[in-house]
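A.B. asks: pasting the sequence and the predicted coordinates here, then a few questions.
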Protein chains: 4
Amino acid sequence: MNILFIGDIIGRTGRRAVENRLHTLVDAWNVDLVVANGENAAAGFGLTVNIAAELYDLGIDVLTSGNHIWDKREIYDYLDCESRLLRPGNYPPGLPGRGSGVYATAAGTKVGVLNLEGRVFMNNLECPFLAADREIEMLRQQTPIILVDFHAEATSEKAALGFYLDGRVSAVIGTHTHVQTADERVLAGGTAFISDAGLTGSRDAVIGMRKEGAIDKFLTQLPVRFEVAKKDPVLCGVLVEIDEATGKASRVHRILEEIG
Amino acid sequence: MNILFIGDIIGRTGRRAVENRLHTLVDAWNVDLVVANGENAAAGFGLTVNIAAELYDLGIDVLTSGNHIWDKREIYDYLDCESRLLRPGNYPPGLPGRGSGVYATAAGTKVGVLNLEGRVFMNNLECPFLAADREIEMLRQQTPIILVDFHAEATSEKAALGFYLDGRVSAVIGTHTHVQTADERVLAGGTAFISDAGLTGSRDAVIGMRKEGAIDKFLTQLPVRFEVAKKDPVLCGVLVEIDEATGKASRVHRILEEIG
Amino acid sequence: MNILFIGDIIGRTGRRAVENRLHTLVDAWNVDLVVANGENAAAGFGLTVNIAAELYDLGIDVLTSGNHIWDKREIYDYLDCESRLLRPGNYPPGLPGRGSGVYATAAGTKVGVLNLEGRVFMNNLECPFLAADREIEMLRQQTPIILVDFHAEATSEKAALGFYLDGRVSAVIGTHTHVQTADERVLAGGTAFISDAGLTGSRDAVIGMRKEGAIDKFLTQLPVRFEVAKKDPVLCGVLVEIDEATGKASRVHRILEEIG
Amino acid sequence: MNILFIGDIIGRTGRRAVENRLHTLVDAWNVDLVVANGENAAAGFGLTVNIAAELYDLGIDVLTSGNHIWDKREIYDYLDCESRLLRPGNYPPGLPGRGSGVYATAAGTKVGVLNLEGRVFMNNLECPFLAADREIEMLRQQTPIILVDFHAEATSEKAALGFYLDGRVSAVIGTHTHVQTADERVLAGGTAFISDAGLTGSRDAVIGMRKEGAIDKFLTQLPVRFEVAKKDPVLCGVLVEIDEATGKASRVHRILEEIG
Ligand SMILES: [Fe+2]
Ligand SMILES: [Fe+2]
Ligand SMILES: [Fe+2]
Ligand SMILES: [Fe+2]
Ligand SMILES: [Fe+2]
Ligand SMILES: [Fe+2]
Ligand SMILES: [Fe+2]
Ligand SMILES: [Fe+2]
């Protein structure tokens, strides 16, 4: 089976890129399930109920997220009631939402999806390694096919989690840096890995936001209002081919589609 | 003309990868100048005089570096006397060494090389944007062909500097994360850009070091002794094709060579 | 002569504490100049033009600030035209405002005030040590009486700057942590030092803000709206006695006034 | 009853200060139990078996610690077998040692001691607030008299934990910044609180280490070898008076003894 993972969707630019290209990709690659990181889908900061609905309508089956999911308060209740929306599972107990779920493809195959957040240069959360142990043990009772979105900054933490989970999950896919890495491969134990899936949004930009604001931020160190950039849209992601019986990845393919 | 940039060389594994593959690459791509980041060439931490000499003998013309260049004290004097070795130019005044130099190819073409370090999640240094302004103005009095090694952690800071310098230098090449990114392109003003050139060393590893130690570090949060990994060596880098008259890049090509 | 320095004034609670107690203190200690840090005077985040005017009316002669001075946009123009308002002098060139000034007491004595911000765990700024060298050289051409507000997080950086400037300025007074330290003393060279002057605002609070919000922040790691606390107001600061002829401090006295 | 807590003991200078003054303090204040933070007792970095034994011989009953306890490998086994030595209890499971213990005074009164580490600007650990909930519930089954050493950097995190535990423990005493704060008080629920107990070692120093090295570090940003300073030794700490029946603090008194 084939799972398509789409990297952080940045604002309207990213949503239009999904609209423009998702069906073509699904057809071309015989995609059975589409997972996408939506933490920046609402003007670059968080997600709203309407925008989540729009993304599901466009053909995304499961939305993962990360540190920005908490930017818009309106999503908190929605996190509790929409099982197709995940937030990192290693936030403190008692928060809205969940970090993992099991989803069925059209053909009825069960796929577990787990969302975690890194700690290096980021929030003070539960250890993602131990959280992974806990969540994967539960998910594996339902299916050996498990995809992990590890939303993290440091390449070292991402690689370490990939090796740590090698053989226990189908794929560990990094997000958050908004820059696709070229290190995709299937590890020795059968886990597909990439440090970052990249962004879905403007490439003529600094992590998807207007470059003028970003440069200004670095030059002045002052608070800056960031706006979603529009030019040169791309859709970045990863296609993972998985053996349904074993959950092992047989192939991982990087996707970088220039739109229009 | 063609410049080959080689990403952070990690210990003996990285040096053997250079030995194994550099000449082939230089021939295949008609390389006129070889620049490599050597901050991790000595067992992963810093550089020694002997290892620098070894790398020059292997065919590297200029060594850049980064935060780890200060790990081995013996290199401090050498930084002052070896003009082919650079350290980030935005460290405080009064330190050993220099951040830029102008080097001649065999054909006599002058190439400026500038080394800078980022500040996000890193050391407290002079602003790399302002340091770049200052250094580039000097270098451009000698040559329009300028290659920048921006040793930095955050993708935002790297992209911002790339756009900031677009049109003023031939290439902005990121280093430090030890993971090659897939965002190489020539920006609108003619500057080749990539967020990270990647590592030259073991890929069966966490940023080139044995993965067991790295996983242990994340699980325990204790001090851990890191050792250079050996398996699955790669040489990562970037080939930049530059118009000698204008200094504009006409092409940037990512290189990821699996060794043996 | 005697200079009174008042630690970070937090919102209305802090302003009322100043109103309640400043005149008493000025009389009791024969204060010649009142300097106060106003970066949190406007509801905990930044400063407005009206609130600055209010603080001057209450008897403060000079306002210093720190990282939060940039929170309210309306202050930017005011920074350029009000010479009695300082912001850290080691922000990048080209920003509104200034980092130092020379002010005359009622008796006509000139006092230099210098505002700097630390870099450890804070913004990426110019080195405060080198900025201090530069600014102090200028100020000393007008007066040997110089007071430094070093707005910084780490005790190590604060102590190091104190020793670095010992003998060159009358006082190095830390701010930013909102907790008064008990390490006030006159260093060997005649510079009064304290790591932090403390806050002027509610003490039944977490750094002056309602404790419920702060606890919630640590428990959830989510974005939280902080509000100024009201109970148990205090005025914290330092009284520095200085020899006018030499600029040396002869005494430093910690002030912690419980209001009402 | 009276508990004396001694702030971070820095190298030989700190140990000599304890030797010089501890017995006098114990007599003067009728101290029933002496707790001290020993994470820097071995030349500023960690603790050895011999130095721990030396400190017990000097009259310390219980040693707490912090991030530096892991600096010397030889202490790891000792952490497992010496119940009077604690390390922060919110490190990952499986590490040597323990974070809390119950100790009897000479009169037979049981005192619980809990050691925790903050996360802001520090290591990626379990939430200290949740760890406190867990540990305190256990300790309270044995005694209502509980002293917490919260080894943390940020004043906000320290204050928040103090309020969070107010009424459940006898004292929350901060350590780690090596600078004594002047905010000691008994909170509304009967918990004694101070943001930092301060250091026991040289005060003519930067956090207990030679000031020349520290200044050099800030000026150069290079790796620097820190050495314990010797001049102007002090013993800093806190005396907490506790009602044995209820575990409530009736008084907290800051101690800053200049030695010799
Ligand atoms: Fe994102
Ligand atoms: Fe993110
Ligand atoms: Fe490196
Ligand atoms: Fe580096
Ligand atoms: Fe403040
Ligand atoms: Fe501040
Ligand atoms: Fe310490
Ligand atoms: Fe510590």
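C.D. replies: That came in fine, so what should we check first? Ligands and ions are numbered 1, 2, ... in the order given.
A.B. asks: list the contacts of residue A:80.
C.D. replies: A:96-97 (CB atoms under 8 Å, 6 or more residues apart in numbering or on different chains). All C-beta spots, glycine's among them, are computed from the backbone N, C-alpha and C.
A.B. asks: following the chain onward from the helix or strand hosting it, which element is next?
C.D. replies: Remark: residue A:80 resides in helix A:75-81, with elements defined by DSSP states H and E. Using DSSP H and E, the helix or strand that follows helix A:75-81 in sequence is strand A:100-104.
A.B. asks: how about chain A: which residue is closest to ligand 8?
C.D. replies: As assessed by CB to the ion, ligand 8 sits closest to residue A:124 within chain A, at 16.9 Å.
A.B. asks: okay, that residue: pLDDT?
C.D. replies: With respect to pLDDT, residue A:124 scores 97.
A.B. asks: spell out which parts of chain A neighbour chain D.
C.D. replies: Where chain A comes near chain D, counting by CB under 8 Å from any CB of the partner chain, the residues are A:92-93, A:119-120, A:124-127, A:130.
A.B. asks: mind doing that once more with 10 Å?
C.D. replies: Proximity of chain A to chain D (CB under 10 Å from any CB of the partner chain) is limited to residues A:92-93, A:118-120, A:122-130, A:157.
A.B. asks: nearest to residue C:240, out of the residues you listed: which one, please.
C.D. replies: Checking the residues of chain A next to chain D against residue C:240 with CB to CB, the nearest one is residue A:124 at 38.1 Å.
A.B. asks: run a quick neighbour tally on that closest one.
C.D. replies: Per other CB atoms under 10 Å in any protein chain shown, the neighbour tally for residue A:124 reads 19.
A.B. asks: and the gap between the nearest residue to it once chain neighbours are set aside and residue C:131?
C.D. replies: In this structure, residue A:124 finds its nearest non-sequential neighbour in residue D:119, 4.1 Å apart by CB to CB, 6 or more residues apart in numbering or on different chains. Counting by CB to CB, to the nearest Å, the separation of residue D:119 from residue C:131 is 31 Å.
A.B. asks: the two: who's more crowded?
C.D. replies: The neighbour comparison of residue D:119 against residue C:131 (other CB under 10 Å) goes to residue D:119, with 24 against 20.
A.B. asks: quick check: the residue of chain A closest to ligand 8 touching residue D:125?
C.D. replies: Yes. Look at residue A:124 against residue D:125 with CB atoms under 10 Å: they come within range, at 8.0 Å.
A.B. asks: need the overlap of contacts for those two.
C.D. replies: With contacts taken as CB atoms under 10 Å, 6 or more residues apart in numbering or on different chains, the residues that reach both residue A:124 and residue D:125 are D:118-119.
A.B. asks: the residue nearest to residue A:124 touches residue D:90, doesn't it?
C.D. replies: Yes. Here residue D:119 reaches residue D:90: they are 8.4 Å apart, a contact under CB under 10 Å.
A.B. asks: returning to that earlier point: pick out whichever of the residues of chain A next to chain D sits closest to chain C.
C.D. replies: Nearest to chain C, judged by CB to the nearest CB, of these is residue A:123 at 4.8 Å.
A.B. asks: neighbours of the closest one, how many?
C.D. replies: Neighbour tally, residue A:123, other CB under 10 Å: 18.
A.B. asks: please identify the helix or strand for it.
C.D. replies: Using DSSP H and E, residue A:123 is not contained in any helix or strand.
A.B. asks: and if you look at residue A:237?
C.D. replies: Judged by DSSP H and E, residue A:237 forms part of strand A:233-242.
A.B. asks: hmm, that strand touching ligand 1?
C.D. replies: No. Judged by CB under 5 Å from the ion, strand A:233-242 makes no contact with ligand 1; its nearest approach is 11.7 Å.
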